[in-house]
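Peer 1: Following is a predicted model, sequence given first.
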Number of protein chains: 2
Amino acid sequence: MTSSDDALILEQQLCFALYNASRALIRAYGPLLEPLGLTYPQYLVMLVLWEIKSATVKALGERLALDSGTLTPLLKRLEQRGLIQRKRDPEDERVVRITLTAEGQNLKEQARSVPADLICRTGGDPHDSASLEQVALLRQALQLLTAQIQQQSSKAEKI
Amino acid sequence: MTSSDDALILEQQLCFALYNASRALIRAYGPLLEPLGLTYPQYLVMLVLWEIKSATVKALGERLALDSGTLTPLLKRLEQRGLIQRKRDPEDERVVRITLTAEGQNLKEQARSVPADLICRTGGDPHDSASLEQVALLRQALQLLTAQIQQQSSKAEKI
DNA sequence: GAAAATTTAATTGTATGCAATTTAATTGTT
DNA sequence: AACAATTAAATTGCATACAATTAAATTTTC
């Protein structure tokens, strides 16, 4: 094996580390979200709605970096479950506005313990500020990376 | 909004930061892998095979943290493309061994430039050791996190 | 050595992701 | 106003992910 092969080793790849960590963490959410009857992407949508009460599909898509191809069927499932309502905006019939039902709002109370539970499941202690700081630093590094990637790829589009 | 709501803000979630960064980076791979005719998970499988030449489905699954439900159809597609061969082990008929075809081996040459190209696409400079070190540090942090999650969840299974 | 337990892939079913296209509504332009 | 361009969702098609089940082969155990 030549030295130029090193760059092609799986474990050298930042992307695989990310992909792997992301899936591992999402899998860890499974048992916590199952009692809420939510999948992980559904939980993300609910997080946004719990915060801002109401959003268009477009706004959800921008916040979560998901397109209508993913969101439309996901939102229909949340509607079926009775957690949200989907309604065309009378002012602009292109827009679909999502609002929480009472049941959707109530689910927030059950979700409150999820983040701390999850930290426990990653081997951290939610009351230990060192654990929390580690997590915050990693999160910030990831957010910076994401911003850089998005900036670069929007640049590449213009070529 | 009460202070206990802070933990439910999307941008506070390590998991969303991971999920988002992972998808952004995989999307950035798209244009680089398209000429190779590979999807990102297919590229990961090929990385392993380029390294170790031959592997069972089980070994691939362990290395990539993917199960047969994902790998079996993916490997059939790689076989269709003529990049790999799938063959039952005569010693143990349960086992399916994957080997590279000549075409699969040759594809490695075209893949060599992918990692450096990708660093450019994330706004880094593949010749700048500071960039590389940043990436390596982040990668190690993610690998540690993944190991912690897997350790904890294997512990939880035993309850 | 036969039955039980285990192991390895494949299969089934559900839910994403995402590119590409389509549809419908709105906006901009002449 | 008429028509082109744009915008927002939905739809289509393909490829994952992954839990759960099945099927077949092998090991273990009694």
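Peer 2: Here it is on my side, so go on. This is a predicted model, so every value here is computed, not measured.

Peer 1: the helices in chain A, which residues?
Peer 2: Remark: helices assigned in chain A by DSSP state H are A:14-33, A:40-52, A:57-64, A:68-80, A:102-111, A:114-121, A:129-157.

Peer 1: Just the CA atoms of the fifth one, as PDB, please.
Peer 2: Output in PDB follows, covering the C-alpha atoms of helix A:102-111 (Å, rounded to 0.1, in the frame of the first residue of the first chain):
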ATOM      1  CA  ALA A 102     -53.500  20.900  21.500                       C
ATOM      2  CA  GLU A 103     -52.200  17.300  21.500                       C
ATOM      3  CA  GLY A 104     -49.000  18.500  19.700                       C
ATOM      4  CA  GLN A 105     -48.500  21.200  22.200                       C
ATOM      5  CA  ASN A 106     -49.100  18.900  25.100                       C
ATOM      6  CA  LEU A 107     -46.400  16.500  23.800                       C
ATOM      7  CA  LYS A 108     -43.800  19.100  24.700                       C
ATOM      8  CA  GLU A 109     -44.100  18.300  28.400                       C
ATOM      9  CA  GLN A 110     -43.300  14.600  27.700                       C
ATOM     10  CA  ALA A 111     -40.300  15.700  25.600                       C
END
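
Peer 1: buried residues in that helix?
Peer 2: When neighbours are counted by 16 or more other C-beta atoms under 10 Å in any protein chain shown, the buried residues of helix A:102-111 are found to be A:104, A:107-108, A:111. (Each C-beta comes from the backbone N, C-alpha and C, glycine too.)

Peer 1: for the second one, same thing?
Peer 2: Applying a neighbour-count criterion of 16+ other C-beta under 10 Å, one finds A:40, A:42-51 buried in helix A:40-52.

Peer 1: Export those residues to CSV and append columns for distance to chain B.
Peer 2: As requested, the buried residues of helix A:40-52 are exported to CSV (distance: C-beta to the nearest C-beta, whole Å):
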residue, distance to chain B
A:Tyr40, 8
A:Gln42, 13
A:Tyr43, 9
A:Leu44, 6
A:Val45, 10
A:Met46, 9
A:Leu47, 5
A:Val48, 6
A:Leu49, 10
A:Trp50, 6
A:Glu51, 6
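
Peer 1: check whether stretch A:78-93 contacts DNA strand C.
Peer 2: Yes - Stretch A:78-93 lies within reach of DNA strand C by C-beta under 7 Å from any atom of the strand, at A:91-93.

Peer 1: I'd like the average pLDDT over that stretch.
Peer 2: Per-residue confidence for stretch A:78-93 averages out to 96 on the pLDDT scale.

Peer 1: With stretch A:10-23 instead?
Peer 2: The predicted model assigns stretch A:10-23 a mean pLDDT of 93.

Peer 1: any residue of that stretch up close to chain B?
Peer 2: Yes - applying C-beta under 8 Å from any C-beta of the partner chain, one finds stretch A:10-23 touching chain B at A:10-23.

Peer 1: Same question for stretch A:54-69.
Peer 2: Yes - using C-beta under 8 Å from any C-beta, stretch A:54-69 comes into contact with chain B via A:63-65.

Peer 1: of the residues you listed, list those near DNA strand C.
Peer 2: Checked against DNA strand C using C-beta under 7 Å from any atom of the strand, the residues of stretch A:54-69 next to chain B yield the following neighbours: A:Ala65.

Peer 1: ok, and the most crowded of the residues of stretch A:54-69 next to chain B?
Peer 2: When neighbours are counted by other C-beta atoms under 10 Å in any protein chain shown, A:Leu64 leads the residues of stretch A:54-69 next to chain B with 21 neighbours.

Peer 1: Distance of the closest residue to that residue other than its chain neighbours relative to DNA strand C?
Peer 2: Once flanking residues are discounted, A:Leu64 sits nearest to A:Leu44: 5.7 Å by C-beta to C-beta, 6 or more residues apart in numbering or on different chains. Counting by C-beta to the nearest atom of the strand, to the nearest Å, the gap from A:Leu44 to DNA strand C is 8 Å.

Peer 1: And A:Leu44, how close does it get to B:Leu137?
Peer 2: Between A:Leu44 and B:Leu137 the computed distance is 27 Å (C-beta to C-beta, to the nearest Å).

Peer 1: A:Glu79 now?
Peer 2: As judged by C-beta to C-beta, A:Glu79 and B:Leu137 stand 43 Å apart.

Peer 1: How about A:Leu38?
Peer 2: Between A:Leu38 and B:Leu137 the distance, using C-beta to C-beta, works out to 34 Å.

Peer 1: higher neighbour count, the two?
Peer 2: Legend: neighbour count by other C-beta under 10 Å for A:Leu38 and B:Leu137, higher for A:Leu38 (23 against 11).

Peer 1: who's in contact with the one residue sitting closest to the centre of chain A?
Peer 2: Chain A has A:Leu44 as the residue nearest its centroid, 4.5 Å off, counting by C-alpha atoms, centre = their mean. By C-beta atoms under 8 Å, 6 or more residues apart in numbering or on different chains, the contact list for A:Leu44 reads A:64, B:10, B:16, B:19.
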